[in-house]
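Engineer: Got a predicted structure plus its sequence, pasted below:
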Amino acid sequence: MLKVEQIETFYGTSQALFGVSLEVHNGEVVTLLGRNGMGKSTTIKSIMGLTPVRRGRIIFNGIEIQHRPSYQVARQGIGFVPEGRQIFPNLTVLENIMVGAAHRGGREDPYTLEEVLGIFPRLGERLKHYGNQLSGGEQQMLAVVRALMTTPKLLILDEATEGLAPLLRKEIWYGLGVLKQRGQSILLIDKNLDALMQLADRHYVMEKGSVVWSGATNEIAENEELKACYLGV
């Protein structure tokens, strides 16, 4: 579904990514792991067309997207939940959900309002609340649901549960598990390794703008040296 080939990304004259490659197959949950500042968010922004790629290719469903503007990338069927959520504070929960609703991914079974509220029922109780009246965890749920209402082929989350209360983190991980069972392809960043081990199929570990390791969940779970070297605080 998604193939990133040797991309190099710069911020001005400073190079941030050095030949990053990764793949997400249909129905997979894949993670980007690594300490802060190692290029994970830049990789996602490069995929979404928010940070220009200078070299390399990004192929989504057979189409090269590395030089397309972000709105065209989204229209190809990629739903994005950015770090910081970026919901509309002066719109209600329902308005936030419906403002971008579209059938971008071309799936035969598009998400419905009832279905997404069934995945995150807490939002169903707050449909008339404004975005700025929600807690951080509720805003994150809203950002996920807003992305789902485009019926994406691929859902990308940057820092899925960072800084959230434990109960709300648990609800978000449950919701992502439901999406996986539904066959939703997901690429995500998060620091909760235990939760990621239960959810994800494969992982890419980044260090200083490069992918230094990739493999399946059982491989990373057994590799204490890897976790200590690249994922420890």
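Structural biologist: Yep, that arrived. Numbers count the residues shown, from 1 in each chain.
Engineer: part of a helix, is residue 38?
Structural biologist: No: assessed with DSSP: H, G, I helix; E, B strand; the rest coil, residue 38 is coil; it does not lie in a helix.
Engineer: what number of residues lie near it?
Structural biologist: Residues lying near residue 38 (other Cβ atoms under 10 Å) number 21. C-beta: built from backbone N, CA, C; applies to glycine.
Engineer: got a list of what it touches?
Structural biologist: Remark: with contacts taken as Cβ atoms under 8 Å, 6 or more residues apart in numbering, residue 38 is in contact with 206, 207, 208, 209.
Engineer: And the residues you listed, which is closest to residue 121?
Structural biologist: residue 206 (34.7 Å; Cβ to Cβ).
Engineer: Tell me if I am right that the closest one is in a helix.
Structural biologist: No: note on residue 206: no helix contains this position according to three-state DSSP, which reports strand.
Engineer: check contacts around it.
Structural biologist: Residue 206 makes contact with 20, 32, 33, 34, 38, 39, 40, 43, 212, according to Cβ under 8 Å, 6+ apart.
Engineer: Just the buried subset of those residues, please.
Structural biologist: Neighbour counting by 16 or more other Cβ atoms under 10 Å classes 20, 32, 33, 34, 38, 39, 40, 43 among these as buried.
Engineer: if we take these, which one ends up nearest to residue 6?
Structural biologist: Set against residue 6, the nearest of the buried ones among the contacts of residue 206 by Cβ to Cβ is residue 20 (7.3 Å).
Engineer: I'd assumed that closest one was in a strand, is it?
Structural biologist: Yes: Residue 20 forms part of a strand when assessed by three-state DSSP.
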